[in-house]
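Undergrad: Provide a 3D model corresponding to the input given below.
(chains A and B)
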There are 2 protein chains.
Amino acid sequence: MVGSPPPADKILRFDDGSYFRFPQMRWSVSNFRQLMPTVNVSRGIGNPSPLKAKLRDDLDEVQFTPIGRTSAMTWQASLLENYTDGILVMHKGTVVYERYFGVLTPQGQHAAMSVTKTFVGTLAALLVAEGKLIPERKVSEYVPELEASAFGSATVRQVMDMTTGIRFSEDYADPNAEVWAHAAAGNPLPKPADYQGPRSYYDFLKTVTDEGKHGTAFHYRTANTDVLGWILARVTGKHVAQLLSERIWQKMGMEQDAYMSVDSIGTPFAGGGLNLGLRDLARFGETIRNDGYFNGQQILPKSVIADIRKGASQTDFAAAGYALLKGWSYRNMWWVTHNAHGAFMARGVHGQALYIDPKAEMVIARFASHPVAGNAANDPISLAAYQALAEHLLSEQTTP
Amino acid sequence: MVGSPPPADKILRFDDGSYFRFPQMRWSVSNFRQLMPTVNVSRGIGNPSPLKAKLRDDLDEVQFTPIGRTSAMTWQASLLENYTDGILVMHKGTVVYERYFGVLTPQGQHAAMSVTKTFVGTLAALLVAEGKLIPERKVSEYVPELEASAFGSATVRQVMDMTTGIRFSEDYADPNAEVWAHAAAGNPLPKPADYQGPRSYYDFLKTVTDEGKHGTAFHYRTANTDVLGWILARVTGKHVAQLLSERIWQKMGMEQDAYMSVDSIGTPFAGGGLNLGLRDLARFGETIRNDGYFNGQQILPKSVIADIRKGASQTDFAAAGYALLKGWSYRNMWWVTHNAHGAFMARGVHGQALYIDPKAEMVIARFASHPVAGNAANDPISLAAYQALAEHLLSEQTTP
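TA: This next block holds a predicted model:
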């Protein structure tokens, strides 16, 4: 949407819904705040923490074979094929690769989609480590309003690891899927006159019913993170955007403010509303890789990182049937590969990723606008590329 | 709007309009982005420029007599009586006073209201100084779409100094005032089904008709600034928020991003949509006071500042009949007092101000949420307070 005015066929309006289609989305994901109300995640007003850089063009030539293919491709070629908007690689604490495509710039803020969940899960794990949140307690002990919903009988831990048994279909192709009611409730636009549904995320969460038993299997359901956001707000008296600012953004010395979309009563969308700079996403990854230490201070206790890296039950995870994620688990809203490098990651639809490989001492932050929402569409390339780059960086250290 | 959820009677929604009433406004003016779409004014990603500070509590006791009153009041008392949200005083380049009230914090961003116009007017003066904008040219030479409107026959200079003769009532008490059609056109919310009016700021500007002659008298009309914003966008290929970022925010080393509200096609509201940090507003004032030099570089040519300080025709200004602003003029969207100190200022409804007193080497940045929109309601206290503080600071230098 560029011009004064933009051409009529390039105009995107929040209420016509086209902004989330491809190719319109390539603009929207870097400009969501122009389409909807948002709340700031302040970095504070001090100096940003420095990011050392020693860029290496040679990484463009790293070769790998995507999962399910027979011929190799280069790292550089993978970026276009995956609709990358921005990608940054850190190795041993130094930025070695940083590229922007499409409309994203180093000064821009991109939608994190479900990478948002990982920030919220990490905040929750932090409060657990501080003894302010007891994971064995029932959700209803913290948020009595959820007593009658399916969440009432779940524990905080089950919410944090998404092993609740709730009825919440995220099949976007099904018009009766709960995800649509969730979106309608959280939509900050005025409701149609005949609208009878819930009018905020919180009111929607109260309506969620049960499906299956809690604590027996991993089910990826965005509503869990919104419940967790509500719990955090109740425990601390501050909403998720404020907590992100105070506990992470200001302490890490982020170089940009971030922002979150909000519903019509100012609730930040904990399940997917975060937008942030690529370099700041990398800073967060580096903090996690460094056992919570960054910018001259211990921002997250080591125990939090250890708990994430340990992961959760791989058996519970297998029940979800992700063909490309065999042997993985989901802990504190992180995806844990349990591979030989101990890699773990944050994931968001359309290709958003924060990939941490402890053995290779590598962090990859990536924003994208892949036409297909589900990451199964880009994983065959992305996951193979991340692994190949990790191995390449590792091999350099052992080769003289 | 605080809580999880906020109490029902504290919830503010964009579409119910209550957010702009008092006392709700005391929250809204520090949180507009939570109620509407906005566009970022990026500060970039480097270190902010330092602001030296040597705070002086003694200034609280400075006494003055408000215009039209007989008894004196203290500077400190004036702040509450004027519904101040934040105020910062710089003297000789050092912050000597900085206070926050209500919901504003140093990390917050507050609505600048019509102080926005001053930023836009300064950008235009900058482009004039660079030869990129010719003030003697007709508006229609830059924006042919405005040919048939009242603006088409006005010069750019007449727009910059608001001496156009256009029909545009800003009487908020009159439901037929053009300001309401302007607001409806710029409102980013979906239009009612039966809405027939213009659907963007640009489309509204095309409908403005003439009233009186151009260039004969000062008429304060917000639409002029929106036209100027359009001209700037046409001349540079960048909208006002981008220009503010590139020409002012990034160069000055602002410590916070700012943001602007936008209409449904992404046009920043040049007439009043800017929101920024108080300390950054002070930085801008200090840049102007220092003849455009700040953060180690000449950000605005000296000639731009000289042209602002010189002011415009006081006779033209007098025609507007401001009882409290006798002898003033309006140049490049700055209000010029022509007083003995050569003071000039930016002004926004509900008490927003940036006051520069060259003789006292003083800059005052102020955000407020006065219940009455028109500054005539707070000027008797504010203007007297600014003058008294300037004289106090000056007197210290001459007293041994």
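Undergrad: how far off centre is stretch A:267-279?
TA: Per C-alpha atoms, centre = their mean, to the nearest Å, the displacement of stretch A:267-279 from the mean C-alpha position of its chain is 8 Å.
Undergrad: quick one: average pLDDT of that stretch?
TA: Regarding stretch A:267-279, the rounded mean pLDDT is 97.
Undergrad: same check on stretch A:100-108?
TA: The model assigns stretch A:100-108 a mean pLDDT of 95.
Undergrad: got the end-to-end distance for it?
TA: 10 Å (C-alpha to C-alpha, to the nearest Å).
Undergrad: what lies in contact with that stretch?
TA: A:26-27, A:30-31, A:79-80, A:84-86, A:98, A:110, A:256, A:277-279, A:367, A:369, B:42, B:44-45, B:245 (C-beta atoms under 8 Å, 6 or more residues apart in numbering or on different chains). C-beta here means a position set from N, CA and C on the backbone, and glycine is covered the same way.
Undergrad: need the distance between the two termini of stretch A:146-160.
TA: 16 Å.
Undergrad: close to chain B, is it?
TA: No: contact of stretch A:146-160 with chain B is not found when judged by C-beta under 8 Å from any C-beta of the partner chain; the minimum separation is 11.8 Å.
Undergrad: that stretch: how far from the chain's middle?
TA: That offset, for stretch A:146-160, works out to 22 Å (C-alpha atoms, centre = their mean).
Undergrad: also stretch A:379-398?
TA: Relative to where its chain is centred, stretch A:379-398 has its mean C-alpha point 22 Å off (C-alpha atoms, centre = their mean).
Undergrad: what does stretch A:77-87 give?
TA: Counting by C-alpha atoms, centre = their mean, stretch A:77-87 comes out at 18 Å from the chain centroid.
Undergrad: quick one: contacts of that stretch?
TA: Contacts for stretch A:77-87 (C-beta under 8 Å, 6+ apart): A:26, A:29-30, A:64, A:66, A:73, A:97-104, A:108, A:110, A:278, A:350-351, A:364-371, A:378, A:381-382, A:385.
Undergrad: for residue A:25, the count of nearby residues, please.
TA: A count of nearby residues for residue A:25, using other C-beta atoms under 10 Å in any protein chain shown, gives 20.
Undergrad: state the helix or strand in which it lies.
TA: helix A:24-28 (DSSP states H and E).
Undergrad: contacts for that helix?
TA: By C-beta under 8 Å, 6+ apart, the list of residues contacting helix A:24-28 from outside reads A:1, A:12, A:18-20, A:35, A:83, A:85, A:102-103, A:111, A:350, A:369, A:371.
Undergrad: most neighbours, which of the residues you listed?
TA: residue A:85 (28 neighbours).
Undergrad: can you report phi and psi for it?
TA: phi -100, psi -30 (degrees, to the nearest 10).
Undergrad: next one, pLDDT for it please.
TA: For residue A:85, pLDDT reads 98.
Undergrad: what's the answer for residue A:388, then?
TA: So residue A:388 comes in at 98 (pLDDT).
Undergrad: on the three-state scheme, it is what?
TA: helix (DSSP: H, G, I helix; E, B strand; the rest coil).
Undergrad: would you agree it is in contact with residue A:61?
TA: No: assessed by C-beta atoms under 8 Å, residue A:388 is found out of contact with residue A:61, at 11.2 Å.
Undergrad: those two: who's more crowded?
TA: residue A:388 (20 against 11).
Undergrad: for the more buried one, give its distance to residue A:62.
TA: 6 Å (C-beta to C-beta, to the nearest Å).
Undergrad: what do these two both touch?
TA: residue A:75.
Undergrad: from the stretch 301-400 of chain A, which residue is nearest to chain B?
TA: Proximity to chain B, evaluated over the stretch 301-400 of chain A using C-beta to the nearest C-beta, is greatest for residue A:365 at 14.5 Å.
Undergrad: the helix or strand that contains that residue packs against which elements?
TA: Here residue A:365 sits within strand A:362-368, counting by DSSP H and E. If you count contacts as 3 or more C-beta pairs under 8 Å, 6 or more residues apart in numbering or on different chains; DSSP states H and E, strand A:362-368 packs onto strand A:84-91, helix A:278-289, strand A:352-357, helix A:379-398.
Undergrad: mean confidence score for stretch A:289-305?
TA: 97.
Undergrad: hmm, who's touching that stretch?
TA: Contacts for stretch A:289-305 (C-beta under 8 Å, 6+ apart): A:49, A:93, A:122, A:125-126, A:128-130, A:247-248, A:251-253, A:283, A:286-288, A:306, A:332, A:356, A:358, A:361, A:363.
Undergrad: any buried residues in that stretch, and which?
TA: A:289-292, A:294-295, A:299-301, A:304-305 (16 or more other C-beta atoms under 10 Å in any protein chain shown).
Undergrad: quick one: end-to-end length of that stretch, please.
TA: 8 Å.
Undergrad: run the chain-centre distance for it.
TA: Distance, centroid of stretch A:289-305 to centroid of chain: 19 Å (C-alpha atoms, centre = their mean).
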